[in-house]
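*Asks:* Okay, structure incoming, though there's no sequence with it:
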């Protein structure tokens, strides 16, 4: 009888040990899946942030180009300057077209006019208040884009 009791106690202990190990294995598996999901989410967020940063950087570069374009327009008063202006504009359009292969000249013109208006507004805000035109005066010259 004593040996039967020892056998029963060993079986119960081994059964409890098997259940404990199985539940630990299942818990570790669930934990691994949760961590994998967290890593995937964080990777997607990092990629989205990189894209947003890239777009912001592209906008900043476009604004800088718009400032340079405005300076070239002012300097393009002589006849030779008009030819240079046309050359530089075509060069800028070709660069823009590489970044926007589906774009048209109208889309390019709209984007450039909006950026130029923003830059012009910034430049005009730097003028003394007596010489500064109203903001609406500049915006009346901006074409309506789709």
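*Replies:* Thanks, I have the structure now. All values derive from a computational prediction rather than experimental measurement.

*Asks:* And the helix or strand hosting residue 110, how far out from the chain middle?
*Replies:* With secondary structure defined by DSSP states H and E, residue 110 is part of helix 105-125. In terms of C-alpha atoms, centre = their mean, to the nearest Å, the centre of helix 105-125 is found 21 Å from the chain centre.

*Asks:* Report the buried residues of it.
*Replies:* 108, 110-112, 115-120 (16 or more other C-beta atoms under 10 Å). Every residue, glycine included, has its C-beta placed from N, CA and C.

*Asks:* now swap in stretch 1-10 and tell me
*Replies:* Quick answer for stretch 1-10: no buried residues (16+ other C-beta under 10 Å).

*Asks:* hmm, back to that, pick the one among the buried residues of helix 105-125 closest to residue 145.
*Replies:* Looking at the buried residues of helix 105-125 and their distance to residue 145, the nearest is residue 110, at 3.4 Å (C-beta to C-beta).

*Asks:* got the angle between the helix or strand residue 19 falls within and helix 105-125?
*Replies:* Per DSSP H and E: residue 19 is located in helix 2-75. Between the direction of helix 2-75 and that of helix 105-125, the angle (axes from the mean of the first three to the mean of the last three C-alpha atoms, to 10 degrees) works out to 80 degrees.

*Asks:* What is whichever helix or strand comes after helix 2-75 packed up against?
*Replies:* Past helix 2-75, heading to the C-terminal end, the next element that is a helix or strand (DSSP H and E) is helix 79-99. Helix 79-99 sits against helix 2-75, helix 105-125, with contacts defined as 3 or more C-beta pairs under 8 Å, 6 or more residues apart in numbering; DSSP states H and E.

*Asks:* Many thanks, I have nothing further to ask.
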